Every structure is written in C-alpha cells, then in structure tokens.
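S.K.: I would like the atomic coordinates for the input below:
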Amino acid sequence: MTSARPFTILVVCTGNICRSPLAEQLLSARLLGSATPFVVMSAGTMAQDGAPMDDLAAEQSRRHGGVPDGHEATYLTDKLAEGADLVLTASREHRSAVVRLSPRATRRTFTLRQFARLADSLGLAELEAAGDTAQVVRLVAGQRGMIPPATDPDAEDVVDPYRRSVDVHERAASDVDDAVTSIVAALRAPDRRLSDAGGGPAA
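M.R.: Residues are numbered from 1 along each chain as shown. Here you go, the predicted model:
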C-alpha cells in the first residue's frame with residue numbers, strides 16, 4: 001500500500017558538492033521502485049546555491065550507480081531540516097549544525113554511518129515488523145544509548161574529499177556506498193514484509 005505523502009530524506013554536508021549529493025544520488029537510485037514513495041534531497045551548511053557537483057565526486061557517483069547530472073547546490077535552512085522525515089549528515093559536525101538549526105529534528109538526525117551502524121544492530125525481523133518507514137527511524141533512534149558507541153568517533157564520519165586526491169574521493173565514496181546499502185535495507189524492510197504478504201513490490 002502506497003502512502004499519500006512521500007517519506008522525505010535530507011542529506012547534509014558542507015558545500016553540497018561532494019558527500020551529500022553523492023549520498024542523495026545513491027539513495028535515490030536504490031530506493032527507486034519502493035512501495036513507500038521516497039523523496040531524497042541534499043543541502044550544505046556553507047553551500048553556494050547553484051554550485052555544480054565536484055567532478056571527482058560526480059565520477060564516484062556514476063561508478064556507484066548514481067546520476068549526478070544537473071545537480072545544483074542548496075544552502076541548508078531550518079525549513080529544509082524541519083520538513084524532512086530523516087536527516088542524514090556526512091559528519092558529527094553537520095549533525096550538530098542541523099540540531100542547532102532545528103532542535104525538533106534531533107531524534108531523526110544521524111550521521112550516515114551512525115544510522116547504518118544502528119540499523120545493522122537491529123534484526124531484520126524487527127525492522128520488517130515496523131508498521132512503516134517512520135517507525136523504522138524510531139526503532140533506529142531507540143538504539144542510541146542502547147548499544148556501545150563507535151570505538152573510533154571518526155568512524156561516524158565520512159572524510160571530506162573536497163580538493164583532495166582521487167584516493168580520498170574513492171574512500172569517501174566507499175564509506176557512503178557502504179552506509180547507503182545498510183540504510184536502504186532498513187528503510188525498505190517494511191516493504192519486504194508487505195511484499196511477502198502480497199501487499200506490494202519490494203524489488
């Protein structure tokens with residue numbers, strides 16, 4: 001069954017030209033065709049509106065299945081943060097910036113790698129039993145404080161590849177790709193339950 005209102009995901013980094021558009025594009029590609037309608041956007045805490053995506057980041061997006069064509073940077077506003085059902089950030093610094101801008105978004109704001117780690121700590125059956133995608137986010141949020149934090153705090157962040165080597169871009173893209181894989185599996189879990197029950201497609 002398709003919800004009348006799409007589930008909105010906002011991805012945040014600094015300039016909205018490397019990490020957040022990459023994550024946005026991979027999420028969009030992998031959530032396409034879900035029974036739950038998704039809208040994925042991205043923005044930057046210091047973005048210059050209209051700036052194009054970094055060429056090396058765009059190349060990584062294509063390699064991982066994203067479509068970077070036509071991306072234009074967007075400056076992060078409180079309206080964007082408050083309107084999102086889930087906010088995913090490139091780093092802890094960006095997570096803090098979102099929460100300062102929109103305190104009401106605190107419980108639904110995570111770094112990309114944090115959400116992936118917390119989601120992976122939940123069993124597939126528990127995620128599939130969630131009534132909808134919003135409930136998945138609540139389940140993941142409930143894992144904060146329930147499982148030990150990352151041993152290395154930097155493991156919650158995606159390295160900033162801006163104006164750095166191809167190797168750094170590849171490492172950042174690999175971390176984003178890994179996180180997105182876990183995030184998509186969690187967000188689509190209720191769809192799989194519906195599909196198994198004959199309620200809709202999950203492929």
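
S.K.: so what's the residue sitting nearest the centre point of the chain bridging to?
M.R.: When CA atoms, centre = their mean is applied to the chain, the residue found nearest the centroid is Leu88 (4.4 Å). Counting by DSSP bridges, Leu88 is bridged to Val11, Phe110.

S.K.: so for stretch 12-19, what's the average pLDDT?
M.R.: Over the span of stretch 12-19, the pLDDT mean works out to 98.

S.K.: rewinding a little: surely the residue nearest to the centre of the chain touches Phe110?
M.R.: Yes: assessed by CB atoms under 8 Å, Leu88 is found in contact with Phe110 at 6.1 Å. Just so you know, the C-beta spots here come from the backbone N, C-alpha and C atoms, and that holds for glycine as well.

S.K.: all strands of the chain, in order?
M.R.: Remark: strands assigned in the chain by DSSP state E are 7-13, 38-44, 86-89, 109-111.

S.K.: List the contacts of the shortest one.
M.R.: When you say that, I think you mean strand 109-111. Contact with strand 109-111 is made by 81, 86-92, 94-95, 98-99, 118, 140-141, 156-158, as judged by CB atoms under 8 Å, 6 or more residues apart in numbering.

S.K.: Please name the nearest non-neighbouring residue to Ala84.
M.R.: Leu10 (3.7 Å; CB to CB, 6 or more residues apart in numbering).

S.K.: now Leu27
M.R.: Val40 (4.7 Å).

S.K.: What are the buried residues along stretch 49-57?
M.R.: 51, 53-54, 56-57 (16 or more other CB atoms under 10 Å).

S.K.: Check the offset of that stretch from the chain's centre.
M.R.: 18 Å (CA atoms, centre = their mean, to the nearest Å).

S.K.: which sections of this structure are below the confidence cut-off?
M.R.: Where the chain drops to pLDDT under 70, the residues are 1-4, 193-203.

S.K.: between the longest helix along it and strand 7-13, how big is the angle?
M.R.: Counting by DSSP state H, the longest helix found in the chain is helix 166-187. With axes from the mean of the first three to the mean of the last three CA atoms, to 10 degrees defining the directions, helix 166-187 sits at 160 degrees from strand 7-13.

S.K.: so how far is helix 166-187 off the chain centroid?
M.R.: Relative to the centre of its chain, helix 166-187 is centred 10 Å away, using CA atoms, centre = their mean.
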